[in-house]
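Asker: After the sequence you'll find the predicted model.
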Amino acid sequence: MKELMTGNEAIARGAYEHGVTVGVGYPGTPSTEILENFARYPGIKAQWAPNEKVALEVGMGASLAGARVLVTMKHVGVNVAADPLMTAAYTGVNGGLVLVSADDPGMHSSQNEQDNRFYARFARVPMFEPSDSQEALDMVGLALQVSEEFDLPVILRTTTRVAHSQSMVELKERNEVPLRPYRKDTKKWLMVPAFGRLRRQALEERLQKLKAYTETTPVNFISWGDRRVGVITSGISYQYVREVLPGASILKLGMTFPLPEGLIRQFAAGVERLLVVEELDPYIEEFVRGLGLEVTGKKIFPAWNEFTPGLVRRKLKEAGVPVPSPGDGEGTDACLPGADGQLEELPPVPGRPPVLCPGCPHRGVFYVLRKLKLVVTGDIGCYTLGGLPPMEGMDSCVCMGASIGMAHGCELADSSLARRTVAVIGDSTFFHSGITGLIHMVYNGGHGTVIILDNRTTAMTGHQDHPGTGKTLMGEPAPAVDLEALVRALGVGRVRVVDPLDIAGLTQAIQEEAAAGAPSVIIARRPCALLQRENRPPVRVDGETCTGCKTCLKLSCPAISVQDKKAAVDAIICTGCGLCVQVCKFGALKEGGENNG
Ligand code: SF4
Ligand code: SF4
């Protein structure tokens, strides 16, 4: 049976069909839907972990016990999981283990666009790169097979365009794979230096065998065509090359670590001009050049942003490669941004920066922080939007969990900042990696204030549960971590819970805690406006009283605008949260308009 699936759905299906019984990860765009879909299949166990390091460690444990395992994360999550990953190559596996790294060229929803192909080389683990949903499904099976045959975890690397676009896949029945028997083997699994040295050598031996395998695996293949130009490519770039240069010779690499030296040499010898088309870094190109072959890649193509067929076509033309014109059946991509960030074949549209939702409980916190002119070290989540104009309620944002350590660092560098700096972090992010920052701050005598924006979910990625929500990925009830008790247990003496929709209460709490000269945690608790809709009527504007002063616009609520020099509220999207009523000192905004239902 055939079905239209996204790459993420296909990876989940591939794991199901190929006997994976354990799936674990941390939500992060563009990887999130893999586990959400996997959790729906019968006979499997799927879990959200508090962070990617834990996810991989759980996966390694399940593999040790003999199960086939899927571990999912976005590209930056692999940084968090890098510690166990580097040693996982030494220990190897028992049951096959596939780690999905979902990369995000173009930074659609990420803080950077790192090229995780280098992680495979760095960790010395095999890597596969699908270019559509069918390959995504099939490569999960192949990766599991390679994992068990070569005793290594395997990285399956996707990119946003593969993860989220849909294509047809052939569905098959599940192959129930029995648990591989568990055998105590300390020389393989106990990485003390004496055993680690042995496994380091064994890793090189396994890699030599993989080098032979990558020459013959069917996912690395040559399609001979016009031999004037030969293109080496992988992932989604393969689809673009096929669309733009339908007649060219192509070496398609589905396995990109190790790279097939012999196949590349054979291909290069068969074409007049050798090109590499790859998004982000010159990963393949540098390998090819290292073989002493003449090749063109990043001299033509940008080393940043996402590619499109239009960009590939334009750059090839600029480099003098004969390219059939669009309209000859090659299709177009008028709606996709090119590597230079401009729309191709359509006039640019005005930029629309994302904003916090109407009724978002975080809005009040950022309004107060900005008003109090505090230094705010921020973190990763939808609340990061509170740092953008016009709110500008955040000074920094680096990576998951960094806010608390950075606040402490500010205090270390300049003690006068101790009472003027607060860290802001979401509940899910606090569980991910904020806890350790807080332990550090308390242990080292810091005086910082941490505001945990507790909206009872992982909102940014689509409302996934976490250890504080009282529910698992499989929908089962779970003990919910008591945040207040947890932070007290870490040694924080000053802990208070506030309502982020109460501006006066918030202001007082933040002022008192920032000035306290002791580590403190403020939990600003309200469910995400999209998670739990409260049936409050929208506010209304008293046109007589409104002076048009625009103070209410500082809240950056998409429901408020100024029209004809008076405030206007869009009753359809206003949630009646009441924040704007509190900031209008003229009393022109009134609660209790007509209910928007
Ligand atoms: S509603 Fe209040 S804050 Fe907004 S423009 Fe009118 S007077 Fe100013
Ligand atoms: S009450 Fe005011 S701040 Fe809240 S959603 Fe409505 S317009 Fe926006």
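Answerer: Structure's in. What do you need? Numbering: from 1, shown residues only. Ligands and ions are numbered 1, 2, ... in the order given.
Asker: elements contacting the helix or strand harbouring residue 144?
Answerer: Using DSSP states H and E, residue 144 sits within helix 133-150. Helix 133-150 is packed against strand 2-6, helix 7-17, strand 97-103, strand 127-128, strand 154-159, strand 166-170, helix 193-216, with contacts defined by 3 or more C-beta pairs under 8 Å, 6 or more residues apart in numbering; DSSP states H and E. To be clear about C-beta, it is placed using only N, CA and C from the backbone, and glycine gets the same treatment.
Asker: Which strands or helices does the longest one pack on?
Answerer: Counting contacts by 3+ C-beta pairs under 8 Å, 6+ apart, helix 193-216 packs against helix 75-91, helix 133-150, helix 186-189, helix 261-269.
Asker: quick one: average confidence on it?
Answerer: Helix 193-216 carries an average pLDDT of 96.
Asker: Repeat that for stretch 410-417.
Answerer: 92.
Asker: can you give me how far that stretch is from the chain middle?
Answerer: Centroid separation for stretch 410-417 versus its chain: 32 Å, with C-alpha atoms, centre = their mean, to the nearest Å.
Asker: Then stretch 493-508?
Answerer: The answer for stretch 493-508 is 31 Å, by C-alpha atoms, centre = their mean.
Asker: Tell me the gap between stretch 443-457 and the middle of its chain.
Answerer: Centre-to-centre, stretch 443-457 and its host chain are 23 Å apart (C-alpha atoms, centre = their mean).
Asker: Reformat the helices and strands packed on helix 193-216 as a markdown table; add mean neighbour count and mean pLDDT.
Answerer: Output for the helices and strands packed on helix 193-216, formatted as a markdown table (neighbours: other C-beta atoms under 10 Å; pLDDT from 0 to 100):
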| stretch | mean neighbour count | mean pLDDT |
| --- | --- | --- |
| helix 75-91 | 21 | 97 |
| helix 133-150 | 23 | 98 |
| helix 186-189 | 14 | 94 |
| helix 261-269 | 16 | 98 |
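Asker: quick revisit: just the CA trace of the helix holding residue 144, in PDB.
Answerer: Output in PDB follows, covering the C-alpha atoms of helix 133-150 (Å, rounded to 0.1, in the frame of the first residue of the first chain):
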ATOM      1  CA  SER A 133      10.300  10.100   2.300                       C
ATOM      2  CA  GLN A 134      10.800   6.600   0.700                       C
ATOM      3  CA  GLU A 135      14.500   6.800   1.200                       C
ATOM      4  CA  ALA A 136      13.900   8.000   4.800                       C
ATOM      5  CA  LEU A 137      11.800   5.000   5.500                       C
ATOM      6  CA  ASP A 138      14.200   2.500   3.800                       C
ATOM      7  CA  MET A 139      17.300   4.100   5.300                       C
ATOM      8  CA  VAL A 140      16.100   3.500   8.800                       C
ATOM      9  CA  GLY A 141      16.100  -0.200   8.000                       C
ATOM     10  CA  LEU A 142      19.500  -0.100   6.300                       C
ATOM     11  CA  ALA A 143      20.900   2.000   9.200                       C
ATOM     12  CA  LEU A 144      19.700  -0.600  11.800                       C
ATOM     13  CA  GLN A 145      21.200  -3.400   9.700                       C
ATOM     14  CA  VAL A 146      24.600  -1.500   9.400                       C
ATOM     15  CA  SER A 147      24.500  -0.700  13.100                       C
ATOM     16  CA  GLU A 148      24.200  -4.300  14.100                       C
ATOM     17  CA  GLU A 149      26.500  -5.700  11.400                       C
ATOM     18  CA  PHE A 150      29.300  -3.200  12.200                       C
END
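Asker: measure residue 388 to ligand 1 for me?
Answerer: 20 Å (C-beta to the nearest ligand atom, to the nearest Å).
Asker: Give me whichever of the helices and strands packed on helix 133-150 is most buried.
Answerer: Stretch with highest mean neighbour count among these: strand 97-103 (a mean of 30; mean count of other C-beta atoms under 10 Å).
Asker: counting contacts, what elements does the next helix or strand after that one pack onto?
Answerer: Remark: after strand 97-103, the chain's next helix or strand is helix 117-123, criterion DSSP H and E. Contact partners of helix 117-123 among helices and strands, from 3+ C-beta pairs under 8 Å, 6+ apart: helix 75-91, strand 154-159, strand 255-257.
Asker: quick one: contacts of the second one?
Answerer: Judged by C-beta atoms under 8 Å, 6 or more residues apart in numbering, the contacts made with strand 154-159 from elsewhere in the structure are 7-8, 11, 30-31, 96-105, 116-117, 119-120, 123, 125-130, 136, 139-140, 143-144, 146-147, 235-236, 256-257, 279, 306.
Asker: Rebuild the helices and strands packed on helix 133-150 as a markdown table, extending it with distance to ligand 2.
Answerer: Below are those laid out as a markdown table (distance: least, C-beta to the nearest ligand atom, whole Å):
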| stretch | distance to ligand 2 |
| --- | --- |
| strand 2-6 | 33 |
| helix 7-17 | 33 |
| strand 97-103 | 33 |
| strand 127-128 | 46 |
| strand 154-159 | 36 |
| strand 166-170 | 35 |
| helix 193-216 | 56 |
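Asker: Residue 92 and residue 149 touch, don't they?
Answerer: No. The pair residue 92 / residue 149 is not scored as a contact, 10.9 Å apart, by C-beta atoms under 8 Å.
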